[in-house]
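> Predicted model, plus sequence, below.
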Amino acid sequence: MEKTHLKAGIFGGTFNPVHIGHLALANYLCEYEDLDEVWFLVTPQNPFKKDIRLLDDRIRLEMVKTAIDGYPRFRASDFEFSLPRPSYTVDTLRNLSDTYPEREFILIIGADNWEKFSLWKSPEEILRKHRILVYPRSGYSLHIPDAMSKQVKAVQTPLLEISSTFIRKSIAEGKDIRYFVHPAVYRIILEKRLYQVNNE
Ligand SMILES: Nc1ncnc2c1ncn2[C@@H]1O[C@H](COP(=O)(O)OP(=O)(O)OP(=O)(O)O)[C@@H](O)[C@H]1O
Ligand SMILES: O=C(O)c1ccc[n+]([C@@H]2O[C@H](COP(=O)([O-])O)[C@@H](O)[C@H]2O)c1
């Protein structure tokens, strides 16, 4: 009998901090795109953002963990913490597939990242081995070449255009952003006095 793999969506990001745009997107994909799980993979260092000063990995992970608590199909993952930096997705996917052979890992990326996908490390290997779901972001076109249409699917997710950059900037300006993040994340931001100074 053929083995059925669990379909796990990989949603990588710096999540500095995780916000309701991320959560609503992952929630939508679980419910409407037939994913069994979505893994929030907290990235220690995006290869395209090497110079950016980030909040500690553990605190970003803690915020993701607390935000997703209670929705059984979400997982917070520190898998990239023990891999070399910067975090190349092709290496992460290779390691994930070796470690969890019972899962099919499906990459979830936004149209912003899709535009630059050809510049990622070994994009052809990712395309050969994994399906990709690309969701729209405002200001970015979402074109899937015909030759990729078997592996790559454009999904029509609702757009909630909030960014972590906007949240960090707003906090540094003394604005109240409580409804842009999960209440538990808001509590951590207050308790630890995060993002009081905007380092971008
Ligand atoms: N509002 C949103 N809705 C859906 N996806 C989003 C949203 N904001 C970011 N993403 C996507 O989530 C992934 C991880 O995002 P990331 O942690 O970089 O968040 P961000 O808000 O874009 O952060 P920053 O402003 O710090 O660059 C990226 O692939 C990005 O496209
Ligand atoms: O592998 C690459 O070459 C590569 C280049 C740019 C971004 N990524 C990954 O894309 C994900 C989204 O990044 P970000 O910064 O937009 O949240 C994150 O997991 C990054 O590690 C990966």
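Received it, and whenever you're ready, just let me know what you need. Ligands and ions are numbered 1, 2, ... in the order given.
> how far away is K150 from ligand 2?
22 Å (Cβ to the nearest ligand atom, to the nearest Å). (Each C-beta comes from the backbone N, C-alpha and C, glycine too.)
> my read is Y28 is in a helix, agree?
Yes. Y28: assigned to a helix according to DSSP: H, G, I helix; E, B strand; the rest coil.
> for the nearest residue to it once chain neighbours are set aside, what are its contacts?
Excluding its sequence neighbours, the residue lying closest to Y28 (Cβ to Cβ, 6 or more residues apart in numbering) is T157, at 5.1 Å. Residues near T157 by Cβ atoms under 8 Å, 6 or more residues apart in numbering: L25, Y28, L29, Y135, P136.
> how about 10 Å then?
24-29, 32-33, 108, 110, 133-137 (Cβ atoms under 10 Å, 6 or more residues apart in numbering).
> ditto for R178
Contacts of R178 (Cβ under 10 Å, 6+ apart): V185, Y186, R187, I189, L190.
> again with S118
S118 touches E124, counting by Cβ under 10 Å, 6+ apart.
> Then Y71?
L23, A26, N27, C30, V38.
> tell me the SS of the residue nearest to Y28?
Per three-state DSSP, T157 ends up coil.
> what's the spacing between it and ligand 2?
In terms of Cβ to the nearest ligand atom, T157 sits 16 Å off from ligand 2.
> Mind pulling up the pLDDT for that residue?
The confidence metric pLDDT takes the value 93 at T157.
> Is any residue of stretch 33-50 near ligand 1?
No. Stretch 33-50 does not reach ligand 1 (Cβ under 6 Å from any ligand atom); its nearest approach is 7.3 Å.
> and that stretch, which residues are buried?
E33, L35, E37, V38, W39, F40, L41, V42, T43, P44, Q45, N46 (16 or more other Cβ atoms under 10 Å).
> Spell out the secondary structure type for L25.
Applying three-state DSSP: L25 is helix.
> looking at it, it is touching I108, isn't it?
Yes. Judged on Cβ atoms under 10 Å, L25 makes contact with I108 at a distance of 8.0 Å.
> which residues do the two both contact?
F11, V38, Y135, V155, T157.
> Dig out what K153 forms beta bridges with.
Per DSSP bridges, the residues bridged to K153 are L133.
> Spell out which residues sit in contact with it, please.
E33, I106, R131, I132, L133, V134, Y135, I144.
> Nearest to ligand 1 among the contacts of T157?
G110 (2.8 Å; Cβ to the nearest ligand atom).
> Would you mind giving the contacts of Y71 as JSON lines with distance to I177 and pLDDT added?
Output for the contacts of Y71, formatted as JSON lines (distance: Cβ to Cβ, whole Å; pLDDT from 0 to 100):
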{"residue": "L23", "distance to I177": "15", "pLDDT": "97"}
{"residue": "A26", "distance to I177": "20", "pLDDT": "97"}
{"residue": "N27", "distance to I177": "20", "pLDDT": "96"}
{"residue": "C30", "distance to I177": "25", "pLDDT": "95"}
{"residue": "V38", "distance to I177": "24", "pLDDT": "98"}
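> what about the closest residue to V197 other than its chain neighbours, how many neighbours?
For V197, ignoring the flanking residues on the chain, the nearest one in space by Cβ to Cβ, 6+ apart is A172 at 5.9 Å. Using other Cβ atoms under 10 Å as the criterion, A172 is surrounded by 14 other residues.
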